[in-house]
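Q: following is a predicted model, sequence given first.
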Amino acid sequence: MAELRELAGSRDVPADVALRARIVLWSGEGRRRKDIAELAGVAPLTVDRCKARYAERGLAGLEEKRRGGPRTQVPPQVRARVIALTRMSPPADSGLSHWSTRTLADHLKRREGSRCRGITSPASGVRRI
């Protein structure tokens, strides 16, 4: 409990970690979930999560969980190719009047294959360029 008190009052830890420590401390004092949520300015579900993470992993459970990794970057050559294609009309034999993200991605996949990995579908790159 002393470690939690120190963490809750420390200026050297992120505010969200200190808040989670206070939530666990208030819970240890026997306060009701609803009251803790109101004091902390969070949802009651957040109180439950803080307590569960502390029970599971101790002080480490109060740290922020790592999110997913950084987005995959589209190589500069591929980016330039996509931009160049968007400035041109689709091939006449395609029957298209303009590019859509899907048709552009399909065209790149079919015509340029491995040089354009990472943008074979709209969700994985063409829209991000």
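A: Now that the structure is in, tell me what you want to look at.
Q: can you give me the buried ones in stretch 80-90?
A: Arg81, Val82, Leu85, Pro90 (16 or more other C-beta atoms under 10 Å). The way it works is simple: take the backbone N, C-alpha and C, and place the C-beta from them, glycine included.
Q: Gly41: which of those is nearest?
A: Val82 (44.5 Å; C-beta to C-beta).
Q: any idea which helix or strand carries the closest one?
A: helix 76-86 (DSSP states H and E).
Q: following that helix, which helix or strand shows up next?
A: Using DSSP H and E, the helix or strand that follows helix 76-86 towards the C-terminus is helix 101-112.
Q: quick check: mean pLDDT of that next one?
A: Helix 101-112 comes out with an average pLDDT of 78.
Q: got the buried residues for it?
A: Thr101, Leu104, Ala105, Asp106, His107, Leu108.
Q: elements contacting it?
A: Secondary-structure packing of helix 101-112 (3 or more C-beta pairs under 8 Å, 6 or more residues apart in numbering; DSSP states H and E): helix 76-86.
Q: I am finished for the moment; much appreciated.
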